[in-house]
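Student: Model the structure of this input:
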Amino acid sequence: MTKLVRFQLSLMMFLEFFIWGGWFVTLGTFLGNNLNATDVQISTAFSTQSWGAIIAPFIIGLIADRFFNAERILGFLHIIGAILLYMMYISTDFSGFYPLVLGYMIAYMPTLALVNSVSFNQMTDPAKEFSFIRVFGTIGWIVAGLVISYVFFWDAPAAREEGMLKYTFLMVSIASAFLGLFSFTLPKTPPSTDKSKKVSVVETLGLDALGLLKDKNFLMFFIASVLICIPLAFYYQNTNPFLSEIGVENPTGLMTIGQVSEVLFLLLLPFFFKRFGFKITIIAGMLAWSLRYILFAYGDTGELMFMLITGIALHGICYDFFFVSGQIYTDFKAGTKYKSSAQGLITLATYGVGMLVGFYVAGLITDAYLVGDKLHDWQNIWLYPSSFAFVVLVLFALFFKNEKIDKKEIEI
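Tutor: Take a look at the predicted model:
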């Protein structure tokens, strides 16, 4: 890979996640402050991510992989996304905003697979080269949060009251338009599937890997993966509004600690995996989910501020130790025959079905603990996902039998 190609791929990955992190983190706060959305409406808006995840395999498997170069459809989707983001920026009510965010997530979610395809197509040794490229995505997400909090101060209390968070959509609309045009300059990535070959919906969605569920251990892992996405939805939907409501300064910038933590714990994961095994690693990830929400429930902006910061910093363990470990385990169990299908099945089940249910439940519970017009009883709200994550942990610990994973499968 030449230096020019490495720069192109790094910039592509940076912008891909800068765009997502630049509006998704503050979405709940924006909807509540700018559009006076209810908690149930906010959860409905967040659930568009899940609908996008469910529809994305059709776009990639039935269209992109057969008829178009990946970089071209990437460019087209981001240009469409730029238009939708601008329309979201000028929206004045939730009824007009919702179809825009739904359309945007249907266009955006397929790009997550496309940027990977473009990257892998230029690599001779993805196991060694991809992490260097992918880390720029995490950096992009972090930079977006820092820009919102420390450059433009859009999430400051006075700015929120003035509705300044709408400018996050304008910022990422410009970035999306740039990435859309830039994508057409990326190295050519031709279709990976023969047009004449029939591709079934079952294969596209990874449903041909359902046979793996006959394995009791994989079935237990699969169920736990779906269930743990319910407390995960609480984090995505409620953390920024929670921090903003209780008076934390620069909440969006503070939340980038979670992405820094994600990078650090990703580096520690291979050691932890080899030392303690898959089962303990997964249990550690689920325990971190439960502990995080306890810290959110009892922390405050005074002497207990450290509890909120610790809860955010646990994101690395929560995400890496469960989801990245789960991807490794899925790859190990699937073998050569179902390698791609199994990953698609887990993604569909977690980010699709699991989080769709999670956002719905989070909306109902958050709305049930509304105090007055806009304030919430956050302590009771956070205890729900904490308890739920702990129950999933106990079930997994009881019914999942530990397995040894081939050492070659844990190279990250």
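Student: What are the buried residues along the strand or helix carrying residue 380?
Tutor: For residue 380, the element it lies in under DSSP states H and E is helix 378-399. The neighbour-count check on helix 378-399 (16 or more other C-beta atoms under 10 Å) flags 378, 381-386, 388-390, 392-393, 396 as buried. Backbone N, C-alpha and C define where each C-beta goes, glycine included.
Student: Same question for stretch 216-228.
Tutor: Across stretch 216-228, burial judged by 16+ other C-beta under 10 Å covers 217, 218, 220, 221, 222, 223, 224, 225, 226, 227, 228.
Student: just the helices in the stretch 101-250 of the chain please.
Tutor: 126-146, 157-161, 167-183, 201-204, 216-245 (DSSP state H, counting those that start in this stretch).
Student: Against which helices or strands is the first one packed?
Tutor: Helices and strands touching helix 126-146, as assessed by 3 or more C-beta pairs under 8 Å, 6 or more residues apart in numbering; DSSP states H and E, comprise helix 3-24, helix 94-120, helix 251-255, helix 257-298.
Student: Considering the buried residues of stretch 216-228, which is situated nearest to residue 112?
Tutor: Using C-beta to C-beta, residue 225 comes nearest to residue 112 of those, at 18.0 Å.
Student: And the pLDDT for the closest one?
Tutor: pLDDT for residue 225: 94.
Student: Repeat that for residue 103.
Tutor: At residue 103, pLDDT is 96.
Student: List the residues that contact the nearest residue to it once chain neighbours are set aside.
Tutor: Take residue 103 and drop its neighbours on the chain: the residue closest to it by C-beta to C-beta, 6 or more residues apart in numbering is residue 84, 5.5 Å away. For residue 84, the contact set (C-beta atoms under 8 Å, 6 or more residues apart in numbering) comprises 100, 101, 103, 104, 107.
Student: in which helix or strand would I find residue 84?
Tutor: Counting by DSSP H and E, residue 84 is part of helix 70-89.
Student: Now that helix: average pLDDT?
Tutor: Here helix 70-89 scores 96 as its mean pLDDT.
Student: Hey, what's the angle from it to helix 167-183? Just curious.
Tutor: 160 degrees (axes from the mean of the first three to the mean of the last three C-alpha atoms, to 10 degrees).
Student: Next, the angle from helix 70-89 to helix 94-120.
Tutor: Using the same axes, to 10 degrees, helix 70-89 lies at 160 degrees relative to helix 94-120.
Student: hang on, the earlier thing: check the buried residues of helix 378-399 against residue 348 and report the nearest one.
Tutor: Distance to residue 348 across the buried residues of helix 378-399 (C-beta to C-beta) is lowest for residue 392, with 19.2 Å.
Student: May I have the residues that are in contact with the closest residue in space to the closest one that isn't next to it in sequence?
Tutor: Leaving aside its sequence neighbours, residue 392 sits nearest to residue 227 (C-beta to C-beta, 6+ apart; 4.8 Å). Residue 227 makes contact with 354, 388, 392 under the criterion C-beta under 8 Å, 6+ apart.
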